[in-house]
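K.L.:
pasting the structure only:
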């Protein structure tokens, strides 16, 4: 319910747009595919909204308000990755038996993600080439 309230107020962005095609094509639960993408998409987006991402790091307790914004953002990404490890968030390779099955469908997933409109809400609006790179990074 809280997530629904949040994105009804602010919309969804790149993580959500890229997550839906993963679920649709590989039957991976939506929340799980979101968690697979969060650190990489955050890292991709940081330079276009440093202040906002630094605020997230401070709110999470991963940085303090006196820290340099770039360092706070770096702490955010590092801690998101650490959280993925701690929570044992699987990689796509744990769900998809053949690498080629995933890599061959990336162009379709890129189009599906772009057509969702969600990537255009991201602080850094990606190109299709960016999405290919991001999908590959979570394998």
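P.N.:
It's in. Everything quoted here is computed from the prediction, not taken from an experiment.
K.L.:
mind listing the helices in the chain by residue range?
P.N.:
2-10, 14-26, 30-45, 50-59, 69-86, 99-116, 128-137 (DSSP state H).
K.L.:
now for the fourth one, which elements pack on it?
P.N.:
Yep, that's helix 50-59 we're talking about. Where contact means 3 or more C-beta pairs under 8 Å, 6 or more residues apart in numbering; DSSP states H and E, helix 50-59 is packed against helix 69-86. Yep, even glycine has a C-beta here, placed from its N, CA and C like the rest.
K.L.:
Could I get the helices of the chain in CSV, plus columns for mean pLDDT and distance to residue 93?
P.N.:
Formatted as CSV, the helices of the chain follow (pLDDT from 0 to 100; distance: least, C-beta to C-beta, whole Å):
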stretch, mean pLDDT, distance to residue 93
helix 2-10, 68, 27
helix 14-26, 95, 11
helix 30-45, 96, 11
helix 50-59, 96, 28
helix 69-86, 97, 14
helix 99-116, 95, 7
helix 128-137, 97, 12
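K.L.:
these two touch, right, residue 53 and residue 73?
P.N.:
Yes. Using C-beta atoms under 8 Å, residue 53 is in contact with residue 73, at 4.7 Å.
K.L.:
overlap in contacts of those two?
P.N.:
Shared contacts of residue 53 and residue 73, defined by C-beta atoms under 8 Å, 6 or more residues apart in numbering, comprise residue 46.
K.L.:
coming back round to it: so which of the helices of the chain gets nearest residue 122?
P.N.:
Checking the helices of the chain against residue 122 by C-beta to C-beta gives helix 14-26 as the closest, at 3.9 Å.
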